[in-house]
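Q: Provide a 3D model corresponding to the input given below.
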Amino acid sequence: MASEPRYRLVKPGLMRELMDRTGTGSDVSGRELASKVGIPHGTIDALLSGNTKTQPSSVAHEICRVIGVDLLILWAPTGRAVPAEDTSTAAPHLAVSA
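A: Residues are numbered from 1 along each chain as shown. As a prediction, this is how the structure comes out:
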């Protein structure tokens with residue numbers, strides 16, 4: 001059985017801004033968002049702090065539905081072009097030499 005595709009949160013700060021003014025014009029707290037999505041509130045906290053970078057497709061879609069934005073405003077599908085993990089701190093043995 002194939003695992004569900006994952007999406008990487010592009011800008012945690014943008015997610016926080018969009019939570020302050022959702023598609024309906026109201027705000028939603030991290031706890032409210034988590035409750036409406038059906039995930040632990042710690043997951044939202046970890047996304048906003050940058051400690052967690054990816055979520056399964058279903059969670060990414062639900063977060064966007066609750067906030068009222070299109071998926072690709074906040075998320076990028078992981079794969080070749082968008083790695084699931086942050087590569088800015090790649091191990092020295094993976095560094096490209098000139």
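Q: list the strands paired with the host helix or strand of residue 55, with their directions.
A: Per DSSP states H and E: residue 55 is located in strand 54-56. As defined by DSSP bridges, the strand partners of strand 54-56 come to strand 6-9 (antiparallel).
Q: give me the contacts around the partner strand.
A: 15, 47, 52-57, 60, 71, 74-78, 82-84 (Cβ atoms under 8 Å, 6 or more residues apart in numbering). Just so you know, the C-beta spots here come from the backbone N, C-alpha and C atoms, and that holds for glycine as well.
Q: select from those every entry located in helices.
A: 15, 47, 57, 60, 71, 74 (DSSP state H).
Q: which of those residues sit farthest apart?
A: 15 and 57 (16.4 Å; Cβ to Cβ).
Q: out of these two, which sits in the more crowded spot?
A: residue 15 (22 against 15; other Cβ atoms under 10 Å).
Q: check contacts around that one.
A: Residue 15 neighbours (Cβ under 8 Å, 6+ apart): 9, 47, 48, 63, 67, 74.
Q: 10 Å - rerun?
A: 9, 30, 33, 44, 47-48, 63-64, 67, 69, 73-75 (Cβ atoms under 10 Å, 6 or more residues apart in numbering).
Q: farthest pair in these?
A: 30 and 73 (18.3 Å).
Q: so for those two, which residue has more residues nearby?
A: Under the criterion of other Cβ under 10 Å, the comparison of residue 30 against residue 73 puts residue 30 first, with 17 against 14.
Q: what sits against the more buried one?
A: 15, 16, 19, 41, 42, 43, 44, 45, 47, 48.
Q: residues near the closest residue to the second one other than its chain neighbours, how many?
A: Of all residues not flanking residue 16 in the chain, residue 48 sits nearest, at 5.5 Å (Cβ to Cβ, 6 or more residues apart in numbering). Per other Cβ under 10 Å, the neighbour tally for residue 48 reads 17.
Q: hmm, residue 48 is touching residue 20, no?
A: No: under the criterion of Cβ atoms under 10 Å, residue 48 makes no contact with residue 20, lying 11.7 Å away.
Q: what about residue 75, how many residues nearby?
A: When neighbours are counted by other Cβ under 10 Å, residue 75 comes out with 25.
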